[in-house]
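J.: Sequence and computational prediction follow.
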Amino acid sequence: MYIVTIEGVPYDWLNQLQEIHAHVFDGVNLPIEKLEKKEGLLCLFAVENEVIIGFKLGYIHPDSIFYSWLGGVHEKKRGQGIASQLMRKQHECLREFGFNKVRTYGRNERKAMLITNLKHGFDIVSTFVDEKGRHKIVFEKLLE
């Protein structure tokens, strides 16, 4: 397995990104228009045999903090530390780009990701209810 890092929309990987996104997020499509609107989009893909088995996407939030937006690992590859490898690589890239903080949102329904965030030094800084009525937990981490 190796990690591919792409700044901007990953046009060459879009079909595979759509497949893994739909797998992780219960069949939900990721519109390309959403990707194209994200300023400073950074995409990381865990690739095995030229197939994406995990991904992590993020972009620059309007308040200039990097927002780690979406990610996941194929269910057959979970429990192998792939999400952690993607997170470490993302944070390494962010430090190189000059960011000193990363933010992400979590939901109680996705406990594995909540635990991964805490294990990697994120702090819970607040909660809110989104426009769809879902409770979200706000995590932030200082990048040292």
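T.: Received it, and whenever you're ready, just let me know what you need. Numbers count the residues shown, from 1 in each chain.
J.: Need the contact partners of the longest helix seen in the chain.
T.: The longest helix of the chain (DSSP state H) is helix 82-96. With CB atoms under 8 Å, 6 or more residues apart in numbering as the test, helix 82-96 has contacts from 1, 3, 5, 42, 44, 46, 53-56, 58, 66, 68, 71-73, 102, 112-113, 116, 119-120, 141, 143. Quick note: C-beta positions are derived from backbone N, CA and C, even for glycine.
J.: again, but for stretch 48-61
T.: Under CB under 8 Å, 6+ apart, the answer for stretch 48-61 is 1, 13, 16-17, 19-21, 35, 38-47, 66-74, 77, 82-83, 86-87, 89-90, 102-103.
J.: Which among those residues count as buried?
T.: For the contacts of stretch 48-61, a neighbour count by 16 or more other CB atoms under 10 Å gives the buried set as 13, 16-17, 20-21, 35, 38, 41-47, 66-74, 82-83, 86-87, 89-90, 102-103.
J.: Mind checking what secondary structure Leu14 has?
T.: On the three-state scheme (DSSP: H, G, I helix; E, B strand; the rest coil), Leu14 is labelled helix.
J.: Isn't it up against Ile32?
T.: Yes. Counting by CB atoms under 8 Å, Leu14 does reach Ile32; the two are 6.6 Å apart.
J.: What helices and strands are in contact with the least confident helix or strand in the chain by mean pLDDT?
T.: Across the helices and strands of the chain, mean pLDDT, DSSP states H and E gives its lowest value to helix 111-119, namely a mean of 92. Counting contacts by 3 or more CB pairs under 8 Å, 6 or more residues apart in numbering; DSSP states H and E, helix 111-119 is packed against helix 82-96, strand 101-106, strand 135-142.
J.: Distance of Pro120 relative to Glu140?
T.: To be clear, residue 120 is His; Pro isn't right here. 12 Å (CB to CB, to the nearest Å).
J.: Run a quick neighbour tally on Glu33.
T.: For Glu33, the count of nearby residues is 7 (other CB atoms under 10 Å).
J.: Then Asp130?
T.: 10.
J.: For it, which residues are in contact?
T.: Residues near Asp130 by CB under 8 Å, 6+ apart: Lys136.
J.: Surely Lys101 and Glu140 touch.
T.: Yes. Between Lys101 and Glu140 a contact is recorded at 6.0 Å, counting by CB under 8 Å.
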